[in-house]
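pasting the structure only:
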């Protein structure tokens, strides 16, 4: 099956700085890559996604890039704010299944 | 539109007891899944369903059963609870098609003593 690796496991940034979270996947058939944000005690919520025929997608302060050749994709958050503090999960979809990374705990220091 | 509804929110079981975690969605989604979330291990797939009457195993199916008699409901049964099943359980649903994201329920925090 698919194997998704996510780095780093923890990340601290100063408010206003950028944060980057990276994921790699193993199955070249994976064709959809969503990112989820999970605040403490809450459910994961989809924040952005990218399909395999697209290289980059932006939504205000967040962006995702995909390199199919290298089998990696990244989440970029610019101008970070304290409310961005959460755990972020990447995922890769192949066939009927989603495979999740192990999560990155992001702390934005005011 | 309530989305994905899970009950109960919290549960404590004794080893060997059985119980059912309930999950219902009102979005007419074909795909439904159960995940467990443990510290440092992300979300691991237990069982999933691609439509009423169709279920399949995920990464960690042992000790759990599911059924999908309707599009709306996808209950997860713990047959004989063990301390290793202490976890947070999330039900999720999505429309059919491989390139659509999941909507998650609010989770059930289960402790087995």
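Yep, that arrived. From a predicted model like this one, the values you see are computed outputs, not experimental measurements.

Could you check the helix or strand of chain A with the lowest mean pLDDT against chain B for contacts?
Here the helix or strand of chain A ranked lowest by mean pLDDT, DSSP states H and E is strand A:97-100, holding a mean of 90. Yes. Using Cβ under 8 Å from any Cβ of the partner chain, strand A:97-100 reaches chain B at A:97, A:98, A:99, A:100. Where C-beta positions appear, they are placed from N, C-alpha and C, glycine not excepted.

name the helices or strands packed onto that strand?
When contacts are defined as 3 or more Cβ pairs under 8 Å, 6 or more residues apart in numbering or on different chains; DSSP states H and E, strand A:97-100 sits against strand A:86-94, strand B:43-51.

Would you tell me what the next helix or strand after it is?
Using DSSP states H and E, the helix or strand that follows strand A:97-100 in sequence is strand A:104-109.

how about the nearest residue to the residue nearest the centre of chain B, chain neighbours excluded?
For chain B, the residue sitting closest to the mean C-alpha position, by Cα atoms, centre = their mean, is residue B:34 at 2.8 Å. Counting by Cβ to Cβ, 6 or more residues apart in numbering or on different chains, residue B:34 lies nearest to residue B:46, which is 4.4 Å off, once chain neighbours are set aside.

and if you look at residue B:19?
Residue B:19 sits nearest to residue B:78 (Cβ to Cβ, 6+ apart), 5.5 Å away.

Cross-check the contact I'm expecting between that neighbour and residue B:15.
No. Counting by Cβ atoms under 8 Å, residue B:78 stays clear of residue B:15, with 11.1 Å between them.

Would you mind telling me which of those two has the busier surroundings?
residue B:78 (20 against 11; other Cβ atoms under 10 Å in any protein chain shown).

Might you report the residue contacts of that one?
By Cβ atoms under 8 Å, 6 or more residues apart in numbering or on different chains, residue B:78 lies in contact with B:13, B:18, B:19, B:20, B:21, B:63, B:64, B:85, B:110.

which residue sits closest to the fifth one, ignoring its sequence neighbours?
In this case it means residue B:21. residue B:76 (4.4 Å).

Distance of that neighbour relative to chain A?
Going from residue B:76 to chain A by Cβ to the nearest Cβ, to the nearest Å gives 16 Å.

circling back to that earlier point, could I get the contacting residues of the residue nearest to the centre of chain B?
B:21, B:23, B:45-48, B:58, B:64, B:66, B:74, B:76, B:89-92.

and those residues, which of them are in strands?
Residues of these located in strands (DSSP state E): B:21, B:23, B:45-48, B:64, B:66, B:76, B:89-92.

Which one of the residues you listed is nearest to residue B:38?
residue B:89 (10.4 Å; Cβ to Cβ).

While we're on residue B:97, how confident is the model there?
Residue B:97 carries a pLDDT score of 68 in this model.

actually residue A:1, sorry about that
The predicted local confidence for residue A:1 is 78.
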